[in-house]
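J.: give me the fold of what follows.
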Amino acid sequence: MEYKKIKPQKLVELTESDFRKIWDDEYCTQQILTFDAIQVKFYSEMFDHCFFESADRKAKDKSILSLNRLEKIYWIKDTLQDPTSLLKQGWDNKNKAHDNARRVAMVKGNYVVVISIYAEKKARFITAFQIENEDNLKNFINGPNWLK
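T.: Next comes the predicted model:
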């Protein structure tokens, strides 16, 4: 599967408003299905959580618009629709345990998309990002596979 990426020179020409429009047009107003026919819902307010990073991981302030995440805005749909993606159970930070209702799809070695399955063939988008920390990547890969 060919993953479309916004070119760096084009990236700096786009404003936050432009990216919000891409988000709404590509995700919020479209029906997005995974490769195995799970319908994934996206909402406008999810943009901030997905495309902003925290200046301080402990504070979790989400204060910095991430160009790294924005250049991969189209990868979310591609990842969800890629039948070769690695599927793992998501981590529930609140309960400190893996949760099979959270499905994480990984492509390109470290890019993940997290969805929360709430009904038969229905899910809600949670987030997408690259795993940069090697220990976190190893933990993810060694974690439990997602069970259908």
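J.: in three-state terms, label Ile76 for me.
T.: helix (DSSP: H, G, I helix; E, B strand; the rest coil).
J.: would you state the strands of this protein in chain order?
T.: Per DSSP state E, the chain carries strands over the ranges 32-33, 39-41, 52-53, 64-65, 86-92, 97-107, 111-119, 122-130.
J.: what's in contact with the fifth one?
T.: What it means is strand 86-92. 97-107, 114, 116, 126, 140-141, 143-147 (Cβ atoms under 8 Å, 6 or more residues apart in numbering). C-beta coordinates here come from the backbone N, C-alpha and C atoms, glycine included.
J.: hmm, back to that, now render the strands of the chain as TSV, adding mean neighbour count.
T.: Output for these, formatted as TSV (neighbours: other Cβ atoms under 10 Å):
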stretch	mean neighbour count
strand 32-33	16
strand 39-41	17
strand 52-53	16
strand 64-65	12
strand 86-92	18
strand 97-107	18
strand 111-119	18
strand 122-130	18
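J.: which one, of those, ends up nearest to Tyr3?
T.: strand 97-107 (7.5 Å; Cβ to Cβ).
J.: now the most centrally placed residue in the chain, nearest residue through space, not along the chain?
T.: In the chain, the C-alpha nearest the mean C-alpha coordinate belongs to Ala128, at 1.9 Å (Cα atoms, centre = their mean). The shortest distance from Ala128 to any non-neighbouring residue, by Cβ to Cβ, 6 or more residues apart in numbering, is to Val113 (4.4 Å).
J.: OK, contacts around that neighbour?
T.: Contacts of Val113 (Cβ under 8 Å, 6+ apart): 75-76, 79-80, 104-105, 125, 127-128.
J.: now Glu132
T.: Asn110.
J.: and it, what pLDDT?
T.: Looking at Glu132, its pLDDT is 88.
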